[in-house]
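[1] how would this look folded up:
(4 chains)
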There are 2 protein chains.
Amino acid sequence: MAELAHARVTIREVADEAGVSIATVSRVLNGRDDVAPETRELVSRIIQERGYAANRGARGLSAGRTGLVGLLVPLVFPAYFSAILSGATEALQEHDLRAVLSPTGHEHDREVTLLDRLMHGLTDGALIVLPEESSQELERLLDGGYRFVVIDPLMPLDDRIASVSAAHTSGADQAMKHLLGLGHRRIAIITGPRGWVATEDRRRGYHAALASAGILPDPALEVESNFEIDGGERAAAQILDLAEPPTAIFAFNDNHAIGAIRAARARGLRVPDDLSIVGFDDVEHATIVTPTLTTVRQPLAEMGRTAVSLLMRLLERHSLETLHVELATRLVVRESTGPVLVR
Amino acid sequence: MAELAHARVTIREVADEAGVSIATVSRVLNGRDDVAPETRELVSRIIQERGYAANRGARGLSAGRTGLVGLLVPLVFPAYFSAILSGATEALQEHDLRAVLSPTGHEHDREVTLLDRLMHGLTDGALIVLPEESSQELERLLDGGYRFVVIDPLMPLDDRIASVSAAHTSGADQAMKHLLGLGHRRIAIITGPRGWVATEDRRRGYHAALASAGILPDPALEVESNFEIDGGERAAAQILDLAEPPTAIFAFNDNHAIGAIRAARARGLRVPDDLSIVGFDDVEHATIVTPTLTTVRQPLAEMGRTAVSLLMRLLERHSLETLHVELATRLVVRESTGPVLVR
DNA sequence: CGACGGCCCGTAAACGTTTCCGGAAGTTGT
DNA sequence: ACAACTTCCGGAAACGTTTACGGGCCGTCG
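    Here you go, the predicted structure:
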């Protein structure tokens, strides 16, 4: 036990032991090419032996980059977010960057503070998932010289703000085509909060599909909810208790769909025989419920990875061909949908 | 748009604008009391106006603390980990610390590197979930002066290493009492990897309960698996295809239990009528499956929070009364267990 | 009225890097 | 043999803080 509570190895010690200057050590550390092979070899060995690792804070101070990327996310726990997180942190890891995690708990104030005060200077840039902030606030940040990319924007954003999202409209369209193809004509939706990009885009897809099938939309068949299971259950209950209930429900996320299954079961309706249900997201829950969910898959981890690669290019100050990436969604057909039964 | 791509505000600018020295600004920043009230007031106002925030890297360099805590976790995605993460990051946030997330992907090498090279110097300490490292390696880190707490140790650890875990044995005991109380006598287990603390402690609980009920253990009823759903399904299949199958299965996590439900269903067995199943963890999946799972609840988020408060005390260099915290587990009875039916 | 002790505050060193600049060798071309 | 490059490396400044140290000012006390 040579070292007890011994302060960590610094570049100075390595330099001394190698008999070179700290500049040289720094050079081999950063892979510069103006170092003699044998010197590089020697220094590398000593770095290895002493278990030296650069102090990231100092490096950040000096070089103007910290190797840290902020990850702003409303919550950590829900599968939706943790899937994105997972993809993002893995991708960051591969670029030798670390993720600084900051759950905002859906509190707007907290988020502004975080972004404005704590992240700037600590991190080189950020990934912001589902930001509650207005486009103006984000633009201000952009003008301040901060680099970030938004994942799944909640509001429409200024064009200069990099973003990654999923093809909501196309996803909704696929879901509706599937349902219409099975003979459903009276189809309800359980939407997310009004005004959110995801909600409105999917609603657009719903209405377009309805229109092209020559079906008049019925406002009673559109219920808004909060993306939670019990919210979905309440919404579905309201829909199913209608005088003229639908034969299918298109839920705007899997939680809603699971809630809908519960509501159906509570009323003695069989899924999919009496009621078809389509979800959105395709989180693991979709394969756990009975019946397993037909749902529109969002490539969540992939969205995280894509955001990282956008950010990387932003950080390298490359001008980007496209600041906005929309990843494809895909309908996954499982057990919760079926043909309309003639009675 | 006064500031375009303008570098961030430094302590210098604040000092100049306030007509004081940077030392004074630093003092009000850190709440020192040797500042005249009106000066403090003035400086505070300017800090507010300019939206100044200290550069954490520089602060770390100078003051020896960075306000960053490493969060080492095998994976981010699985509910088990994200629940812990969630509790931990929230608690860190409350202490004005940020979490640096590092998924290790179960690769030992990567983990050692992370811990040894990257975290030290960047972070003030770390929370390590389910470390693959040997006690020796962790002790070395401890001797190096690094502060960390282990959550859910995989191997038995040296006493000097702070740790937070769940009451595995007691949980297993509760599960077994429940099953025995329902009349089950032939009870199988699907365990996690042999040698892991969680596995062995729960196995101990199982054997103890069996013994106190006067039942001889049958090695054929113990199958090891990998904590994944399909692993659980294969294990359950093996068990159910025994010449003399059990009437109950105690799975060592909820994934195993869900796999067991699938295996049972595939064989036409009804749960719980023909087969009772108990899980472990009580992640959200447990309430999504049909039938909902009777399971032993681990307070995962709470474990994260507890680890943070241990770490805080470690960082403040308080000597701790106890370095080891074991949080209680609790059986949650739902639909997947029932009395043995006499045929 | 002089000395002493608080209260405030400024100066400057230190933290561990990166990187610009320039210099000492060694190499090449004439 | 000399000039002009290369190659390799060291010195030192800079990054933005914190904090030890010391000094000016004012009030108080003997």
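
[2] could you use CA atoms for every contact and neighbour count after this?
    Fine.

[3] for the residue in the stretch 151-300 of chain A that DNA strand D sits nearest to, give me its contacts.
    Closest to DNA strand D within the stretch 151-300 of chain A is residue A:161: 25.0 Å, counting by Cα to the nearest atom of the strand. Counting by Cα atoms under 8 Å, 6 or more residues apart in numbering or on different chains, residue A:161 touches A:138, A:139, A:142, A:148, A:149, A:150, A:323.

[4] quick one: residues contacting the second one.
    By that I understand residue A:139. A:158, A:161.

[5] next, it: secondary structure please.
    For residue A:139, the assignment made with DSSP: H, G, I helix; E, B strand; the rest coil gives helix.

[6] can you give me the helices for the stretch 101-250 of chain A?
    Ranges of helices in the stretch 101-250 of chain A, per DSSP state H, counting those that start in this stretch, are A:108-113, A:135-143, A:168-181, A:197-212, A:229-240.

[7] in the stretch 201-343 of chain A, which residue sits nearest chain B?
    residue A:289 (5.0 Å; Cα to the nearest Cα).

[8] what's the neighbour count on that residue?
    21 (other Cα atoms under 10 Å in any protein chain shown).

[9] show the model's pLDDT score for it.
    What the model reports for residue A:289 is a pLDDT of 96.

[10] does it really touch residue A:258, like I thought?
    Yes - taking contacts as Cα atoms under 8 Å, residue A:289 lies within contact range of residue A:258: 7.3 Å.

[11] joint contacts of those two?
    residue B:288.

[12] ok, the contacts of residue A:161 vs residue B:98, which is closest?
    residue A:148 (18.2 Å; Cα to Cα).

[13] ok, that closest one - contacts?
    Contacts of residue A:148 by Cα under 8 Å, 6+ apart are A:125, A:126, A:127, A:128, A:142, A:161, A:162, A:311, A:314.

[14] which strand residues bridge it?
    Residue A:148 has the following beta-bridge partners by DSSP bridges: residue A:126.

[15] look up how far residue A:137 lies from it.
    13 Å (Cα to Cα, to the nearest Å).

[16] just to revisit the earlier point, tabulate the helices of the stretch 101-250 of chain A (JSON lines), appending mean pLDDT and distance to residue B:20.
    Output for the helices of the stretch 101-250 of chain A, formatted as JSON lines (pLDDT from 0 to 100; distance: least, Cα to Cα, whole Å):
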{"stretch": "helix A:108-113", "mean pLDDT": "58", "distance to residue B:20": "26"}
{"stretch": "helix A:135-143", "mean pLDDT": "85", "distance to residue B:20": "28"}
{"stretch": "helix A:168-181", "mean pLDDT": "98", "distance to residue B:20": "54"}
{"stretch": "helix A:197-212", "mean pLDDT": "98", "distance to residue B:20": "48"}
{"stretch": "helix A:229-240", "mean pLDDT": "98", "distance to residue B:20": "56"}
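
[17] would a markdown table of these with distance to DNA strand D be doable?
    Converted to a markdown table, the helices of the stretch 101-250 of chain A look like this (distance: least, Cα to the nearest atom of the strand, whole Å):
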| stretch | distance to DNA strand D |
| --- | --- |
| helix A:108-113 | 16 |
| helix A:135-143 | 17 |
| helix A:168-181 | 42 |
| helix A:197-212 | 37 |
| helix A:229-240 | 45 |
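
[18] in the stretch 201-343 of chain A, what residue is nearest DNA strand C?
    residue A:316 (12.5 Å).

[19] and the pLDDT for that residue?
    On the pLDDT scale, residue A:316 gets 80.

[20] count of residues packed around the residue of the stretch 151-300 of chain A found nearest DNA strand C?
    Nearest residue of the stretch 151-300 of chain A to DNA strand C (Cα to the nearest atom of the strand) works out as residue A:162 at 25.7 Å. Per other Cα under 10 Å, the neighbour tally for residue A:162 reads 23.

[21] so it sits against residue A:149, correct?
    Yes - shown here, residue A:162 and residue A:149 form a contact pair, counting by Cα under 8 Å, at 4.8 Å.

[22] quick check: neighbours shared by these two?
    Common contacts of residue A:162 and residue A:149 (Cα under 8 Å, 6+ apart): residue A:310.

[23] quick one: which helix or strand includes the residue in the stretch 51-200 of chain A positioned nearest to DNA strand C?
    The minimum distance from the stretch 51-200 of chain A to DNA strand C, using Cα to the nearest atom of the strand, falls at residue A:54 (3.7 Å). Remark: residue A:54 resides in no helix or strand, with elements defined by DSSP states H and E.

[24] gap between it and chain B?
    From residue A:54 across to chain B, the span is 8 Å (Cα to the nearest Cα, to the nearest Å).

[25] report the contact partners of residue A:298.
    Residue A:298 makes contact with A:166, A:280, A:281, A:282, A:328, A:329, A:330, according to Cα under 8 Å, 6+ apart.

[26] within range of DNA strand C, give me the residues from chain A.
    Along chain A, the residues adjacent to DNA strand C under the rule Cα under 7 Å from any atom of the strand are A:8-12, A:22-27, A:29-30, A:53-55, A:58-59, A:61-63.

[27] filter those residues down to the ones close to DNA strand D.
    Near DNA strand D, judged by Cα under 7 Å from any atom of the strand, the entries from these are A:22, A:23, A:24, A:58, A:61, A:62, A:63.

[28] can you get me a residue count around the first one?
    As a burial measure, the neighbour count of residue A:22 was computed by other Cα under 10 Å and equals 16.

[29] without its sequence neighbours, what residue ends up closest to it?
    For residue A:22, ignoring the flanking residues on the chain, the nearest one in space by Cα to Cα, 6 or more residues apart in numbering or on different chains is residue A:15 at 5.2 Å.

[30] what helix or strand is that neighbour located in?
    Take DSSP H and E as the rule and residue A:15 turns out to sit in helix A:11-18.

[31] tell me the helix or strand right after that helix.
    helix A:22-29.

[32] contacts for that following helix next, please.
    So helix A:22-29 is contacted by A:11, A:12, A:14, A:15, A:33, A:34, A:35, A:40, A:43, A:44 (Cα under 8 Å, 6+ apart).
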